[in-house]
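K.L.:
fold the stuff below for me.
(chains A and B)
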Amino acid sequence: NAGVTQTPKFRILKIGQSMTLQCAQDMNHNYMYWYRQDPGMGLKLIYYSVGAGITDKGEVPNGYNVSRSTTEDFPLRLELAAPSQTSVYFCASSLRHNTYNEQFFGPGTRLTVL
Amino acid sequence: KQEVTQIPAALSVPEGENLVLNCSFTDSAIYNLQWFRQDPGKGLTSLLLIQSSQREQTSGRLNASLDKSSGRSTLYIAASQPGDSATYLCAVRDSSASKIIFGSGTRLSIRP
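P.N.:
Numbers count the residues shown, from 1 in each chain, chains lettered A, B, ... in the order given. This next block holds a predicted model:
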């Protein structure tokens, strides 16, 4: 299994541009998550999904959109990039929502908005 | 609202020492707590997962404990090595939803 994969690894955007961060997992996990990590900080949840067709907001959803048309893919879209969105973005997945299952993380996408 | 705190933010110890990293959370109604390791510029690697019904989990030189009633978890690292240098994050899956809340991490440096 490849686990959780993310593309691209790095990206520089200009203010107002849009882009989609890709995330895929091949573990047949129900739950998928998008986090952002600012320098020296922990991870903040942007959006999450409990299954195909279902998404919900996390702590910091403003400026982002997600979709979950398949179990495997969970793309994150930035419509109008702002400097405040400069961060490292991590995608994660877990099998189901119960006490036993841990999260698995992708390698991250480092985004800079200038 | 669940909040997770990790103190200290940074720790530097000489090689060979045993050490303890702390994690506290405000809402004791959690499903589980997970400890991660993050190397600079890298993603997160899961170290230990403690279920809400458990008191501790062990993996090699690592031991994590959980005291739900007091809202605390500790990660014990025995006989520390320079390769243990990294940022250690704890995260709780709270009972309200599928959300997982992270602490801001402890940056650990082991001096040779």
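K.L.:
what mean pLDDT does stretch A:71-90 have?
P.N.:
The average pLDDT within stretch A:71-90 is 96.
K.L.:
likewise stretch B:30-43?
P.N.:
Mean predicted confidence for stretch B:30-43 is 89.
K.L.:
tell me how far that stretch lies from the chain's centre.
P.N.:
A distance of 7 Å separates the C-alpha centroid of stretch B:30-43 from that of its chain, computed with CA atoms, centre = their mean, to the nearest Å.
K.L.:
what of stretch B:50-65?
P.N.:
Chain-centre distance of stretch B:50-65: 10 Å, with CA atoms, centre = their mean.
K.L.:
what's the answer for stretch B:102-112, then?
P.N.:
Relative to the chain's own centre, stretch B:102-112 is displaced by 10 Å; criterion: CA atoms, centre = their mean.
K.L.:
all strands of chain A, in order?
P.N.:
Secondary structure of chain A (DSSP state E): strands at A:4-7, A:10-13, A:19-25, A:31-37, A:43-51, A:54-57, A:64-66, A:76-78, A:87-94, A:104-105, A:109-113.
K.L.:
dump those strands to JSON lines, plus distance to residue B:46.
P.N.:
Using the backbone N, CA and C atoms, a C-beta is placed for each residue, glycine as well. JSON lines is the format used below for these (distance: least, CB to CB, whole Å):
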{"stretch": "strand A:4-7", "distance to residue B:46": "12"}
{"stretch": "strand A:10-13", "distance to residue B:46": "24"}
{"stretch": "strand A:19-25", "distance to residue B:46": "15"}
{"stretch": "strand A:31-37", "distance to residue B:46": "14"}
{"stretch": "strand A:43-51", "distance to residue B:46": "13"}
{"stretch": "strand A:54-57", "distance to residue B:46": "23"}
{"stretch": "strand A:64-66", "distance to residue B:46": "23"}
{"stretch": "strand A:76-78", "distance to residue B:46": "22"}
{"stretch": "strand A:87-94", "distance to residue B:46": "10"}
{"stretch": "strand A:104-105", "distance to residue B:46": "7"}
{"stretch": "strand A:109-113", "distance to residue B:46": "20"}
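K.L.:
which of those has the lowest average pLDDT?
P.N.:
Minimum mean pLDDT among those: strand A:104-105, a mean of 88.
K.L.:
report the contact partners of the one residue in chain A that gets nearest to chain B.
P.N.:
Checking chain A residue by residue against chain B with CB to the nearest CB singles out residue A:42 as nearest, at 3.9 Å. Taking CB atoms under 8 Å, 6 or more residues apart in numbering or on different chains, we find residue A:42 in contact with B:4, B:6, B:89, B:102-105.
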